[in-house]
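1. With the sequence up front, the predicted model follows.
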Amino acid sequence: MATQGQVITCKAAVAYEPNKPLVIEDVQVAPPQAGEVRIKVLFTALCHTDAYTWSGKDPEGLFPCILGHEAAGIVESVGEGVTEVQPGDHVIPCYQAECRECKFCKSGKTNLCGKVRTATGAGVMMNDRKSRFSINGKLIYHFMGTSTFSQYTVVHDVSVAKIDPQAPLDKVCLLGCGVPTGLGAVWNTAKVEPGSIVAIFGLGTVGLAVAEGAKSAGASRIIGIDIDSKKFDVAKNFGVTEFVNPKDYDKPIQQVLVDLTDGGVDYSFECIGNVSVMRAALECCHKGWGTSVIVGVAASGQEISTRPFQLVTGRVWKGTAFGGFKSRSQVPWLVDKYMKKEIKIDEYVTHNLTVGEINKAFDLMHEGGCLRCVLKMHE
Ligand SMILES: NC(=O)C1=CN([C@@H]2O[C@H](COP(=O)(O)OP(=O)(O)OC[C@H]3O[C@@H](n4cnc5c(N)ncnc54)[C@H](OP(=O)(O)O)[C@@H]3O)[C@@H](O)[C@H]2O)C=CC1
Ligand SMILES: N[C@@H](CCC(=O)N[C@@H](CSC=O)C(=O)NCC(=O)O)C(=O)O
Ligand SMILES: [Zn+2]
Ligand SMILES: [Zn+2]
């Protein structure tokens, strides 16, 4: 490989300051060190979490940085000791690592991994606690251990899922975050049973993937709640059977749902990141057994609250990261499910742009009609 061991200069979208337009820069990407993998990113989508960190509300948000965590690409080179992938492999970078050796990975109780989390939260690599990105010698922070808004990125080997080379990378990039999060929230975290009544707050990509998961789990009613009634038409295609717009009611939305469901839903999912809605999502659950799963990410300083009586009387409050999926083991399985047409991906891709149009892509995220915008990273 001509580039192996060399610094690569390529285009990347750099976030210099919260909320200031991203700047397309020539960025130097250092070669991977031991236990690291350099990936040529071919396609990346935008997730609401990128916008959240860019907004300055993420306590782990560091600037300047290269955002992006929902992508697919090809391994360009690997560092010393990397055995599970090699140049040419098709891969999905995974912000949730899986080392298979740490206390978390071995617990059998969680998909969280502790091996590189301190580094990914600090915008650096584990080896030397430094960044592999720079512009004329000035370091640029990594983000979520992935930084996919760059034509090349360096990630830890425990954060790389090797996938079927036949899979279309412009579609399976979505398996880097939003779709698995929604499906897994239902299948792994809540473990929804056939016949259940499900409520989903927020009908973006994550909420719609929850609907898709709930439909496949055999839920009898899937109630979508969103402040934009236009969302219902699309949501029906993902399994939502009923739609509720809180703006249409004078009473609290939890009461509306309790009244609609003879006492409350079996499972609810908050897919927005709004702590008031998280409370409503818990309180619309059925006494005795209703379970609410927090999926949305809320800003720094925000806290959830409810009367403890809600829990005393049997409601359960849970959360999920990456839908509880073990990334390196299960992302390839999700790719195979997509290839067998057992899960949707294409339907979530509403827009396709290029990396140079990334600011327009962020603008689209705030317009009702956009689920996922996929950026082509190379001409
Ligand atoms: N836990 C995890 O592992 C993950 C968490 N996330 C988080 O999940 C959340 C959803 O992500 P994503 O689907 O990409 O985001 P979207 O912004 O696409 O989806 C959120 C939806 O909720 C709607 N909404 C906003 N306020 C309300 C309200 N008060 N009541 C009902 N609906 C409302 C939004 O409408 P409008 O567009 O009009 O504002 C939008 O349709 C985000 O917080 C994201 O950070 C994402 C991936 C993984
Ligand atoms: N730095 C953020 C963390 C936000 C968060 O909860 N992230 C999710 C993934 S969101 C993807 O789009 C997650 O997996 N969390 C687990 C983790 O280890 O980060 C903050 O502090 O708010
Ligand atoms: Zn995401
Ligand atoms: Zn681990």
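-> Nice, I can see it. Residues are numbered from 1 along each chain as shown. Ligands and ions are numbered 1, 2, ... in the order given.

2. Can you give me the buried ones in the helix or strand hosting Val234?
-> According to DSSP states H and E, Val234 maps onto helix 231-236. Across helix 231-236, burial judged by 16 or more other Cβ atoms under 10 Å covers 231-232, 234-235. (Each C-beta comes from the backbone N, C-alpha and C, glycine too.)

3. With adjacent residues omitted, what lies nearest to the residue in the stretch 1-150 of the chain that ligand 2 sits nearest to?
-> For the stretch 1-150 of the chain, the residue closest to ligand 2 is Thr49, as judged by Cβ to the nearest ligand atom, at 3.1 Å. For Thr49, ignoring the flanking residues on the chain, the nearest one in space by Cβ to Cβ, 6 or more residues apart in numbering is Val297 at 5.8 Å.

4. So which residues on the stretch 51-200 of the chain come close to ligand 3?
-> Cys177 (Cβ under 5 Å from the ion).

5. could you redo the last one with a cut-off of 6 Å?
-> Residues of the stretch 51-200 of the chain lying near ligand 3 by Cβ under 6 Å from the ion: 69-70, 177-178.

6. now Ala161, what's its secondary structure?
-> strand (DSSP: H, G, I helix; E, B strand; the rest coil).

7. burial count for whichever residue of the stretch 1-150 of the chain sits closest to ligand 1?
-> Residue nearest to ligand 1 within the stretch 1-150 of the chain (Cβ to the nearest ligand atom): His48, separated by 3.3 Å. His48: 19 surrounding residues under other Cβ atoms under 10 Å.

8. Skipping adjacent residues, who's closest to it in space?
-> Gly204 (6.5 Å).

9. And for Val316?
-> Closest to Val316 by Cβ to Cβ, 6+ apart is Thr291, at 4.3 Å.

10. Could you dump the residues of the stretch 51-200 of the chain next to ligand 3 into CSV and include distance to Glu347, neighbour count and secondary structure?
-> As requested, these are exported to CSV (distance: Cβ to Cβ, whole Å; neighbours: other Cβ atoms under 10 Å; DSSP: H, G, I helix; E, B strand; the rest coil):
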residue, distance to Glu347, neighbour count, secondary structure
His69, 21, 25, coil
Glu70, 16, 29, strand
Cys177, 16, 29, coil
Gly178, 12, 28, helix
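
11. Those residues: which ones sit near ligand 2?
-> Within the set of these, contact with ligand 2 (Cβ under 6 Å from any ligand atom) is found for Cys177.

12. which of the residues of the stretch 51-200 of the chain next to ligand 3 sit farthest apart?
-> For those, the farthest-apart pair by Cβ to Cβ is His69 and Gly178; their separation is 10.0 Å.

13. a strand runs through Trp317, doesn't it?
-> Yes: with three-state DSSP as the criterion, Trp317 is part of a strand.

14. If it is in a bridge, with which residues?
-> Beta bridges link Trp317 to Ser292 when assigned by DSSP bridges.

15. mind listing what it touches?
-> Neighbouring residues of Trp317 by Cβ atoms under 8 Å, 6 or more residues apart in numbering: 282, 291-292, 294, 304, 306, 311.

16. Return the distance of the helix or strand harbouring the residue of the stretch 1-150 of the chain closest to ligand 2 from the chain's centre.
-> Per DSSP H and E, Thr49 falls inside helix 48-54. Computed by Cα atoms, centre = their mean, to the nearest Å, the chain-centroid distance of helix 48-54 equals 10 Å.

17. Which residue lies nearest the spatial centre of this structure?
-> With distances taken as Cα atoms, centre = their mean, the chain has Cys177 as the residue nearest its mean C-alpha position (3.0 Å).

18. That one contacts Gly323, doesn't it?
-> No: between Cys177 and Gly323 there is no contact under Cβ atoms under 8 Å: 9.4 Å.

19. Tell me the spacing between the residue of the stretch 251-379 of the chain found nearest ligand 1 and ligand 3.
-> Nearest residue of the stretch 251-379 of the chain to ligand 1, counting by Cβ to the nearest ligand atom: Gly273, 3.0 Å away. Distance of Gly273 to ligand 3, given as Cβ to the ion, to the nearest Å: 11 Å.

20. and if you look at Val316?
-> Distance from Val316 to ligand 3, by Cβ to the ion: 25 Å.

21. ok, now which ones touch that residue?
-> 285, 289-292.

22. One more pass at 10 Å, please.
-> Val316 makes contact with 190, 267, 282, 285, 289-293, 310, according to Cβ atoms under 10 Å, 6 or more residues apart in numbering.
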